[in-house]
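K.L.:
From the sequence below, what's the structure:
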Amino acid sequence: MNSNSFTFNLTAAQQADTFQLLKQLKYIPESVPHTKIAVSIPDCRINLYNSGKLVVQGKGAKDWVTFTLEPEILKEVSLGYEELNDPEAFQPHMGIDESGKGDFFGPLVIASAYVNEELVTKLREMGVRDSKKISSDKVALSMARDIRKLLGDRCALVTIGPRSYNRMYSKIRNVNKMLAWGHARAIENLLEKVPDCPRALSDKFGPTHQIERALLEKGKKIRLDQRIKAESDPAVAAASILARAGFVYALQKMGKEHNTLIPKGASDKVRREAEKMIAEHGPGILLNLAKCHFQTTDKVLAEVGYSRKDLPPTN
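P.N.:
Sure thing, here's the model as predicted:
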């Protein structure tokens, strides 16, 4: 790709390493507002902003990223060889990913995102990567806004709220089958907007036929691929960020409705919050807030003197 501008969101440790790197004599200091440090070298300008965003621009930007930033700071290859290793990443396709599967509270959110060569270039410049590599929800939410602005209607979101999730699980009794259903709906919804999309890619979580069986007429015409670590694909990475943002927004809304902070995951902190909710509203509150097939449900119910038989029916 012939791009002259790249953007990366760095961790605190990466920012510190980059700051020290750019203090070397070969880098010429520049004055740029809102930066921790701004420098230039022939054919390349490098700005590290107070927000942690690193912007590299100029004819020499790609070489600096490939031969300096990646090996010395990022410790991974993020560009320079993608077209050789995965040429399909730059061809029209959609990526699908989910968020919330391992979280006791909140919905299961599945997102799909369409890309072509132009959009991949812009996503790379924005620093879009697997949401699991983004430690800050604030950064993920900001990136999701930028992705939605870039893609417009070329993305879709499927949210299975706790009540619906628990009802579905009581009938299906298999998380992967539910996930396949959600992936299929995300594919179908995006095909309504981008009907000529030829391929859909997602992470490998179960047999491909599970998704294929859940697809409707439009979806049966699309080529469906699954692979391990699919989040390295730009479309899947964009979908992972959109899904995470959708999940975080849902938790925030849930917290506002109950005047509390709803935590992620399934930790002791999560259990304490669930116990507090049950004590205030009764065991039935879990059906509206949590994924009740988790073993966490049995633990928190027992802690406050209840059991599963005290939960109302899901239908």
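
K.L.:
Okay, and the nearest residue to Phe6 once chain neighbours are set aside sits in which element?
P.N.:
Spatially, and ignoring its direct neighbours in sequence, Phe6 is nearest to Val56 (4.7 Å; CB to CB, 6 or more residues apart in numbering). Just so you know, the C-beta spots here come from the backbone N, C-alpha and C atoms, and that holds for glycine as well. Element membership for Val56 (DSSP states H and E) is strand 53-57.

K.L.:
Any idea how far that strand is from the middle of the chain?
P.N.:
22 Å (CA atoms, centre = their mean, to the nearest Å).

K.L.:
Also stretch 240-250?
P.N.:
Centroid separation for stretch 240-250 versus its chain: 7 Å, with CA atoms, centre = their mean.

K.L.:
Mind checking the pLDDT average for that stretch?
P.N.:
Mean pLDDT, computed over stretch 240-250, is 96.

K.L.:
Where does the residue nearest to Ile147 when sequence neighbours are not counted sit: helix, strand or coil?
P.N.:
With CB to CB, 6+ apart as the criterion, Ile147 has its nearest non-adjacent residue at 5.2 Å, and that residue is Ala238. Taking DSSP: H, G, I helix; E, B strand; the rest coil as the rule, one finds Ala238 in the helix state.

K.L.:
Distance of Thr7 relative to Thr121?
P.N.:
12 Å (CB to CB, to the nearest Å).

K.L.:
Could you do Lys193 as well?
P.N.:
Distance from Lys193 to Thr121, by CB to CB: 21 Å.

K.L.:
Which one's more surrounded, the two?
P.N.:
Counted by other CB atoms under 10 Å, Lys193 and Thr121 do not tie: Thr121 has more neighbours, with 18 against 15.

K.L.:
Show me what secondary structure element comes after the helix or strand harbouring that one.
P.N.:
Assigned by DSSP H and E, Thr121 belongs to helix 117-126. Where DSSP H and E defines the elements, the next helix or strand beyond helix 117-126 is helix 137-151.

K.L.:
tell me the angle that next one makes with strand 53-57.
P.N.:
Angle, helix 137-151 to strand 53-57, by axes from the mean of the first three to the mean of the last three CA atoms, to 10 degrees: 40 degrees.

K.L.:
Quick one: residues in contact with helix 137-151.
P.N.:
Outside helix 137-151, the residues within contact range by CB atoms under 8 Å, 6 or more residues apart in numbering are 9, 52, 113-114, 119, 122-123, 126-128, 131, 134, 155, 238, 241-242, 244-246, 248-249.

K.L.:
in that helix, what counts as buried?
P.N.:
For helix 137-151, the neighbour count (16 or more other CB atoms under 10 Å) marks Asp137, Val139, Ala140, Leu141, Ser142, Met143, Ala144, Asp146, Ile147, Arg148, Leu150, Leu151 as buried.
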